[in-house]
Structure formats: structure tokens, C-alpha cells
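> Here you go, sequence then predicted model.
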Amino acid sequence: MTLLSLVAALALDQWRPLDRNNPFARAFFDLADSIERRFNGGEAQHGMTAWMLAVLPPVLVVGVINGLLEDLGFLLEWGWSVAVLYATMGFRKFSGRLREIQEALARDDLEGASAALYQLRGQPGEGMSRNEAIRVVIEEGLLLSHRYVFGVAFWFVVLGPSGVVLYRCAADLAERWGGRVEPDAVVFGRFALRVFEVIDWVPVRLTAIGFAVVGNFEEAIYCWRTQAASWSPQGEGVLLASGAGALGVRLGETLQRHGGVNYRPALGTGEEADPEHMRSAVGLVWRALVFWLGVIVVVSAAHWLG
């Protein structure tokens, strides 16, 4: 049922994708914002309490519903799993924006690409060169593919629909509460960042292994081993270093922005990023997905055969 659920959810995502800010996501964001307003007193323990109040109820509700449906038949349980996956995972939740950026860069429309990057990342993209924008697009594509496909799939295999909701909520709170720079917000969001690092420790490394297996294995492992530790957070460094090595492209490095320079460690040892590498990154992600689905098939077959 695990493989069938994943394939069905991905097929639905390709047919009729839900936006990243779909009604389910917006409802959770509204809940998270409400809890933050009530509990953010500028102390770390407030962030821990708020995280539990935001994450545990939806995880428990989904788990209870799944437990009830188990007793009502395979089809209902399977349909529920597909529905939860469809709401939380999928390439099309972000691929449209990435395609818009690619098309703008192909036209040398840096202003349009910067505007689309801002909508994708929530961070200004003005001042970047064409090469810098391409690097950022590849990085975002690799990270989003992990957070919306591979990471979700891992926790579905481990814990079913409850694991999916746990991962999605933890990832969203790490981004929403842990990605700010105001002093009280930094302290409040620290727990969300740390717990997501724990939840994502195994999935992000499995995704990196997938990139290595379906890409340039030796370069991916070399870059992972020698460069990932220089990146923060390190989980992202593992993923991006492996992806850069697998693609044979240079990622990271300095970004020029209006008002300053963002100094970042270099990742990869290959060529300078160009539009062809953006297309190669899409292929890398799809090949890694096929690889891990194949692993699930083999493990499931071994289990059925005893």
C-alpha cells in the first residue's frame, strides 16, 4: 500500500497540483501565527511549548482517523493516505515557479527572475547576476524537492500519514519561526529549527545518497565529505554538496545583492552554473525519485516473500 499511495499522490499532483499555500497549509499557518502571538515571550521554552501546541494536535488527529479507517477496509485507509500525501507533497507545488524563473533567465529578464525568486524564497533577489540567479534556482530546486517529496515520503514509509503531517508541520515551522532575524523571534524559533534538524537528519542524507547514486557518485560523495560541514544548516549542506557533485556544477559561493554581499561557502568542483544545469537538476531529482521508489519495491517484495 505504501508504494501505491505514493504513486497515486504524485500522479494527482501532476494532474491537478495544489499550491504550496493551499487551504490546508494556510489553515496551519494561521494556527501557527495565532500560537506565536500568544506564546512568544522571547524565551526558548515558549518556543518549545508553542511548537508542541502547533504540531501534536494535527499529528494526533490524523493518526486517530487513520486508526479508525484501518478497521473499515483497505480502500478507505488507502484513500486517506493518498489524500494526506496529496495535500502535503509533490513537485508541482513549486515547479511552476521554478519554470517561470527558468523562462525569465532564458530571456535574460533578470528583473522578472528576481521577482519570481522573491515569491519562491521570500527573500529579495535583486542585484544578482544571471549566473548567481541560476545557482540559487538549482539550490532551491534541490532543497524543495527534498522537503516536498523525499522527506515526506520517508516519514510516510516510517509512520504513515501521521509521519507525513509531523514532517510537513515541522518543516513549515522551521521555515516560518526559525528563519527570522529579530532577537525575540530568533530565541522563539530555536526549538523549531533544532527539532526539524533531528527529524530531517536521516531523510536528508538518504536524499543525498539518491542524488549520488543517480548522478556522478564519486564527485557527490567527495563534495559531501569535504564541503557539507562548511554550510549552515549542515543538513542543507549535505544535500547541496551532494547535488552539486552529482551534477558537476558549482553552487554556493558569493551572492551580490543591493545593499551588500552574501558570502557563502563554495559547493561542488564542476563547471559554472548555466541553464543546462537547471534542466539537469530536474532530471537528477526525477531519477532519484525512481531510484527510491525502486528501493521500496524491492524491500516490499522481500517482506512479502518472507
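On my side now, so go ahead.
> quick check, Ala25 in a helix?
Yes: membership of Ala25 in a helix is supported by DSSP: H, G, I helix; E, B strand; the rest coil.
> mind listing the helices for this structure?
With DSSP state H, the ranges of helices along the chain come out as 2-15, 23-39, 44-70, 74-88, 92-106, 110-121, 130-145, 151-159, 161-178, 183-199, 201-214, 217-227, 234-247, 275-304.
> Identify, out of those, the most deeply packed stretch.
Among these, ranked by average contacts under mean count of other C-beta atoms under 10 Å, first place goes to helix 234-247 (a mean of 27). C-beta: built from backbone N, CA, C; applies to glycine.
> pLDDT of it, averaged?
For helix 234-247, the mean pLDDT works out to 95.
> low-confidence ranges in this structure?
Along the chain, segments meeting pLDDT under 70 span 121-127, 181, 257-260, 306.
> center of it, which residue is that?
By C-alpha atoms, centre = their mean, the chain has its centre lying nearest to Arg147, at 1.7 Å.
> So that residue sits against Ala170, correct?
No: counting by C-beta atoms under 8 Å, Ala170 is not a contact partner of Arg147; they are 10.2 Å apart.
> How about Arg92: what's its closest non-neighbour residue?
Pro17 (3.1 Å; C-beta to C-beta, 6 or more residues apart in numbering).
> List the residues that contact that neighbour.
In this structure, Pro17 makes contact with Gly90, Arg92, Lys93, Gly96, judged by C-beta atoms under 8 Å, 6 or more residues apart in numbering.
> In contact with the residue nearest to the centre of the chain, which residues?
Taking C-beta under 8 Å, 6+ apart as the contact definition, Arg147 lies against Ala171.
> Check the gap between it and Met128 for me.
22 Å (C-beta to C-beta, to the nearest Å).
> Gly163 now?
37 Å.
> what does Ala104 give?
Using C-beta to C-beta, Ala104 is found at 12 Å from Met128.
> joint contacts of those two?
Leu110.
> Would you confirm that His146 contacts Val204?
Yes: under the contact definition of C-beta under 8 Å, His146 touches Val204, with a separation of 6.2 Å.
> tell me, what's touching those two both at once?
Leu239.
> For Ser81, give its distance to Gly243.
For Ser81 relative to Gly243 (C-beta to C-beta), the value is 29 Å.
> repeat for Thr226
Thr226 is 15 Å from Gly243, by C-beta to C-beta.
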